[in-house]
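In: 3D model of this:
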Amino acid sequence: KILEELAQKDAEREDIQQQFQQRIRRAEALFSAKKLEEARELYRESLHYYMEGFAPNYEYIEQQINFCSNGITFLQHFQNGEEAMKQGNYRLAIQYFNEAAKTGDDPKIEDLIRVCRQRLARKPEGASSSTSALIEEFEPQQRSMAGSTTTLRDRVPPPPPPPQKRKWGRWVAALVAVIVVLIGIAVIQSEMGYEEDYSPPAYTNEPAEPSYEEDGSSYSEEYAEPEPAPPGNAELILGSWRVTDLRSNGVSIRQMGIEYQQSLDLLSYTFTFYNNGTAELASTMGAEYQNYYISGNAITMASPYWGNSNGAIEQLDNRNMRITFIMPDGYGGTYPMTIYFQRI
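Out: Numbers count the residues shown, from 1 in each chain. As a prediction, this is how the structure comes out:
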């Protein structure tokens, strides 16, 4: 009978190992094809079938999950940065590119950040400078015309002077025409200057950006990096936590009847949350790996033995955590179970 039990266990282990290997092979193929989200899900599923002695080992699978998560995050930030750049929101684009640089190593990121900063530091007086150059070029022509008129006046007797009102009217009309022409030239040059096609420049060691002028006063302004957003629940939950109490409807498990005394073993449990969406539950009986998902204050724990448990994070800081799960009561109903944690 002992041999039969051993043979049965070997058969079960072989079946589990086949399920494990199938998911690993499919995940590796998807990872090579850059389909990171699908690959990450299969790597996570393979952990449900992992047993001691299987290859690849747990550390390798966890590393692959991290690679997939970092790649997905990098692509999201990179695409958001490109979209913000197309819309002309260069400050937002810089923030997205900086976040992408934290999870990926791509030289193009630095080039895009440099282009955004150049666009932010571009002088708004550029079009006015071009207009001033045209005015300076136009003045010698006016002086030349005035000189020719003086020479002609010396040779021909002057005609009777026209009425003063008509003379002023002609000068005003001429001046208005010149101003209209110059304004039109400035507008055309401004539009041509700001509609240039974007093309990231090659990486060069450029000097620091020069100071620019605004409203006629000269000053130097250093670019200030946007402040990082405060950590959310997905970041605060990372690490190891010890269960300190369980309460149902405000009553601690220590105060319940003797039929609940076996549940006191839960107070010896520890949870370790990793940034790849997996959590390790350790107890005196061994260790179990679960998947978890956080969206705002909502959390879902997926166990291969217990199924899915949905809960709400009511408190989470650097020291304490309190989560209330909705548990089935075995009679078709549910009841709230609040678990208190303390960071280890």
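
In: count of neighbours near A93?
Out: 24 (other Cβ atoms under 10 Å). For the C-beta atoms, the positions are set from N, CA and C on the backbone; glycine is no exception.

In: could you list every residue that touches it?
Out: Residues near A93 by Cβ atoms under 8 Å, 6 or more residues apart in numbering: G81, E82, A84, M85, L112, C116.

In: Tabulate the CA atom coordinates of the helix or strand containing I323 in CSV.
Out: When secondary structure is defined using DSSP states H and E, the element that contains I323 is strand 320-328. What follows is strand 320-328, C-alpha atoms only, in CSV (Å, rounded to 0.1, in the frame of the first residue of the first chain):
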residue,chain,number,x,y,z
ASN,A,320,0.3,49.4,10.3
MET,A,321,-2.2,48.0,7.8
ARG,A,322,-5.9,47.0,8.2
ILE,A,323,-7.8,45.2,5.4
THR,A,324,-11.4,44.0,5.6
PHE,A,325,-12.3,41.0,3.4
ILE,A,326,-15.8,39.8,2.6
MET,A,327,-15.8,36.1,3.4
PRO,A,328,-18.5,33.4,2.7
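
In: Buried residues in it, which are they?
Out: Residues of strand 320-328 classed as buried under the neighbour-count rule (16 or more other Cβ atoms under 10 Å) are M321, R322, I323, T324, F325, M327.

In: Format those as JSON lines; extra columns: pLDDT and distance to I237.
Out: Written out in JSON lines, the entries for these read as follows (pLDDT from 0 to 100; distance: Cβ to Cβ, whole Å):
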{"residue": "M321", "pLDDT": "92", "distance to I237": "7"}
{"residue": "R322", "pLDDT": "94", "distance to I237": "12"}
{"residue": "I323", "pLDDT": "92", "distance to I237": "9"}
{"residue": "T324", "pLDDT": "86", "distance to I237": "15"}
{"residue": "F325", "pLDDT": "83", "distance to I237": "15"}
{"residue": "M327", "pLDDT": "75", "distance to I237": "20"}
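
In: Mind telling me the two of these farthest from one another?
Out: The two members of those with the most space between them (Cβ to Cβ) are M321 and M327, at 17.9 Å.

In: circling back to that earlier point, which neighbours in the sheet does the strand holding I323 have, and how are they oriented?
Out: Strand pairing for strand 320-328, determined by DSSP bridges: strand 307-316 (antiparallel), strand 334-343 (antiparallel).
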